[in-house]
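Got a predicted structure plus its sequence, pasted below:
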Amino acid sequence: MASENPVLTWQRIWEERRLRCIRQDEVAEFRDLLPVEALAILEDARALASLTDPAAHAAADVKRLVDRLNALEERAALYLHAPVSNGLTMLKIAAGQLVALREGERPPAAGSLRTATVTTGAASRGRFAWLLVVGESEEVVELARECASALRPPVPVHVAATLEGARTRLGQRGGVGLVVANLTLASIAGPGPHGLFVAAEAYQRRHATLLVTGAGDYLRYWPRLTASGLTGHDVIVKTRHDFAERLHRRLWELAYPAPLTMSYEEDTGHLAWIGDVEVSRLEGQEALVLRALDSVWQSPQLIADACGDTQLAPRPSAVPPLISALRRKLARAMVDAESPSAQGQVIESRPRPGLPTQYRLAPWLRWEDPPHAGGAAPSLPPVLVIEDDRDWSRWVTEFLRDHGWTASGVATAAEALRRLASPPLPIVVADLSLRDPGSGRDHPDVGMRLVEDIAEQHQGARVVVLSAYGRRDTLQAGLFQSGVRTVDVIDKAAGRIECGAMLLASLQRAADELWRGVIRGREDSPGHRVVRRARRRVEVDGRPVGELSPREACLLDELIRRPNQAVKAELLEALCFESLSRTHAPDGYNALNKVHLTVRRMRQKIDRAIGTPGVGADVIRTPHRGARTAYELHGLVTDLAGPSERD
């Protein structure tokens, strides 16, 4: 196909798509099961495809038919996905490309990329040496070729039809590449979502990947995206009317990443920011190595020398494994925060035959001075509760007010948008099943559209979904298609106590992000319930923890006075291990180590009580590790111990 005239190529693709939409073979065996509205949609799709003018297809309102399809019940919508959503969208794309080429122009998307090369100053070489398309979609191959030819210099495009072919190609290619893979691929084991395996292998080799899929066939695989280093930005849904434009734009963004600044916390150095993404949990030596890197290639010896002003300085031989650990943590933080720059390689390496490998920050990154330290936020931001169930609305607003939040409620999407039009911008807690003004019935789509509207109209808005529609991955996938990426999802089915704990954790994080202008990854476990019934008796998630020792109870006193706040280990040492207790201590006594050991024992007791390893570390967290450690009692914390017991 590469040797064909582009006009003839797109002419053939357009005609094949027309015949597919006219024949509608995919629904032949199900036609008798379809409702009247589904049959009407099929007839309208066939009538549109029967037109012989590609300009009519290029200008057609395919989205209107797709919206009608999506309003059908789930099974009927699934049957019509291939001939209507997929078929007509691909027909429209092929027609648009064909019309542009017949008129002697480059297709709009590719042409805009060429313009961007000049206007953005991105004339230097992009980060990719080649482009690999995996799958049998001719449209994707042609769109990728157009984009590859617009890069400067142009890069070669290779094609692999199967999973095995993709693995062979990935093993042969040199340099950093970009892989455009269909989610569903052929394999010797049969067709399946093998595009995820291709993405995972490309991720291990430090290549970038775009996953191309139909809107209906990837929702169940959504939780597996992050393991392959993918976010919603990197899933391109080919049944959207703007598929070609989005594919071209995302290819360009990956080839020429937008410049970002980096900074770090001066106090400990164990907290860094890449753009607006916060990277925490850096170890002491990892933080030192990261701060020593810049745009200049450096050997491990030079990096170790740059860290030499502290006793934590690593040996040159320890620098490569520290950089490997840094890469994993930085990449994971970017993916968890769903950053559009998540596939950018933060730390680049340059092997040298017979000499140590050199390292540097990627050219699209640069250090800037850390932000000035600030005091506590002057006040908590307001919360707008969007809920048409009066009992739930009353409970949420009263619960938040009891915990110091200014909360108000509305019952409809229209009222919510009117309220949001006036500053200040609140954090939104939204139900999804809101009343549809047209049908008068509750439907999740009403809430989905509302969240999309909020994200579109109010840049930086934080939204927490509190709904009985608790299918988090399906919801996140649907919102990602619309560009919504600042949403936490809480299932009402968890009960009000659990919902309250998770809601407070989400709101505290959202308030902190709004105040500091950062984005952090979602919490795997938004919050545990911690109840202290007596000074040495604690319950976690309703289960009693083994009795605490006097020293553990003292340490808990300090943490429970500052719930969900980082408390430095040095402060805990001073308060709980006073100097009088060290009179007869042996040589080498270190009270700071005693703090760490005490926290470790408390975590072990929590794990034994819950029966799940790791819960203790999630309840008593270590926000910043390394030379200066802090601990945080995280979750919904309630202290029922009387004053006499606390003294």
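Okay, I see it.

Other residues contacting the helix or strand where A40 lies?
According to DSSP states H and E, A40 maps onto helix 36-50. Residues outside helix 36-50 that contact it (CB atoms under 8 Å, 6 or more residues apart in numbering) are 17-18, 21-22, 24, 27, 31, 34, 56-57, 60, 65, 68-69, 72, 76, 79-80, 83-84, 87-88, 91. For the C-beta atoms, the positions are set from N, CA and C on the backbone; glycine is no exception.

Filter those residues down to just the ones in helices.
Members of those lying in helices (criterion: DSSP state H): 17-18, 21-22, 56-57, 65, 68-69, 76, 79-80, 87-88, 91.

I'd like to know which of these are buried.
17-18, 21-22, 57, 65, 68-69, 76, 79-80, 87-88, 91 (16 or more other CB atoms under 10 Å).

tell me the pLDDT at the spatially closest residue to A411 that is not a sequence neighbour?
Leaving aside its sequence neighbours, A411 sits nearest to D388 (CB to CB, 6 or more residues apart in numbering; 4.5 Å). We have a pLDDT of 90 for D388.

wait, D388 sits on T412?
Yes. If you go by CB atoms under 8 Å, D388 and T412 touch, sitting 6.9 Å apart.

Show me which of those two is the more surrounded one.
D388 (18 against 15; other CB atoms under 10 Å).

Identify the contacts common to D388 and T412.
Common contact partners of D388 and T412 (CB under 8 Å, 6+ apart): L434, R435.

right, and A292 touches G308 too?
No. Taking contacts as CB under 8 Å, A292 lies outside contact range of G308: 9.8 Å.

And the two? Which one has more around it.
A292 (19 against 11).

Relative to R350, how far out is that one?
For A292, the distance to R350 equals 16 Å [CB to CB, to the nearest Å].

Could you do V27 as well?
In terms of CB to CB, V27 sits 55 Å off from R350.

Of those two, give the one with the bigger neighbour count.
V27 (20 against 11).

just the helices in the stretch 201-350 of the chain please.
Using DSSP state H, counting those that start in this stretch, the helices of the stretch 201-350 of the chain run over residues 243-255, 284-292, 300-306, 319-336.

Nearest the geometric middle of this structure, what residue?
E338 (2.4 Å; CA atoms, centre = their mean).

check contacts around it.
For E338, the contact set (CB under 8 Å, 6+ apart) comprises T231, G232, H233, R485, I519, G521.

returning to what we had before: of the helices of the stretch 201-350 of the chain, give the one that comes closest to R441.
For the helices of the stretch 201-350 of the chain, the distance to R441 is smallest for helix 243-255, at 31.9 Å, taking CB to CB.

still on that earlier bit, tabulate the contacts of E338 in a markdown table, adding columns for neighbour count and pLDDT.
Output for those, formatted as a markdown table (neighbours: other CB atoms under 10 Å; pLDDT from 0 to 100):
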| residue | neighbour count | pLDDT |
| --- | --- | --- |
| T231 | 20 | 84 |
| G232 | 18 | 80 |
| H233 | 20 | 83 |
| R485 | 17 | 64 |
| I519 | 21 | 80 |
| G521 | 18 | 74 |
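
Next one: A609 relative to R537, how far apart?
A609 is 11 Å from R537, by CB to CB.

which neighbours do the two share?
Contact with both A609 and R537 is made by residues P544, V545, according to CB under 8 Å, 6+ apart.

Confirm the residue nearest to A411 sits in a helix?
No. D388: not assigned to a helix; according to DSSP: H, G, I helix; E, B strand; the rest coil it is coil.

I'd like to know how far it sits from L503.
18 Å.

How about A468?
15 Å.

Number of residues surrounding P223?
12.

next one: A82
Neighbour tally, A82, other CB under 10 Å: 18.

sorry, back to before: between A468 and L503, which has more neighbouring residues?
The neighbour count for A468 versus L503, taken as other CB under 10 Å, is higher for L503 (25 against 14).

what pLDDT, on average, does the one helix or strand the more buried one maps to get?
Element membership for L503 (DSSP H and E) is helix 496-516. Helix 496-516 carries an average pLDDT of 81.

Pull out the buried residues from that helix.
Across helix 496-516, burial judged by 16+ other CB under 10 Å covers 498-511, 513-514.

Which secondary structure elements does it sit against?
In terms of contacts (3 or more CB pairs under 8 Å, 6 or more residues apart in numbering; DSSP states H and E), helix 496-516 is packed against helix 390-402, strand 427-430, strand 463-467, strand 487-491, strand 529-534, strand 636-639.

can you rerun that using 10 Å?
Secondary-structure packing of helix 496-516 (3 or more CB pairs under 10 Å, 6 or more residues apart in numbering; DSSP states H and E): strand 277-279, strand 383-386, helix 390-402, strand 427-430, strand 463-467, strand 487-491, strand 529-534, strand 636-639.

how near is R352 to A304?
Taking CB to CB, one finds R352 at 17 Å from A304.

With neighbour numbers in mind, choose between the two.
A304 (21 against 10).

Go ahead and confirm the more buried one touches V289.
Yes. Between A304 and V289 there is a contact under CB atoms under 10 Å: 8.5 Å.

For A331, which non-adjacent residue is spatially closest?
G229 (6.4 Å).

what's near enough to touch L400?
380, 382-383, 385, 406-409, 427, 429, 500, 503-504, 507 (CB atoms under 10 Å, 6 or more residues apart in numbering).

do the same with R601
G546, L548, S549, R551, E552, L555, G616.

and V530, how many neighbours?
V530 has 25 neighbouring residues, counting by other CB under 10 Å.

picking that back up, quick one: the residue nearest to A331 and R327, what's the gap?
As for G229, its distance to R327 is 11 Å (criterion: CB to CB).

what's the answer for P314, then?
16 Å.

So those two - more neighbours on which side?
Taking neighbours as other CB under 10 Å, P314 and R327 compare with P314 leading, 20 against 17.

What is the neighbour count of the nearest residue to that one once chain neighbours are set aside?
Leaving aside its sequence neighbours, P314 sits nearest to Q285 (CB to CB, 6+ apart; 4.9 Å). If you count neighbours by other CB under 10 Å, Q285 ends up with 22.

Now for Q285: which residues touch it?
307, 310, 312-315, 318-319, 321-322, 325-326, 626-627.

could you redo the last one with a cut-off of 6 Å?
The contact partners of Q285, by CB atoms under 6 Å, 6 or more residues apart in numbering, come to L312, P314, L322.

Could you do W130 as well?
W130 touches V155, P156, R173, G177, counting by CB under 6 Å, 6+ apart.
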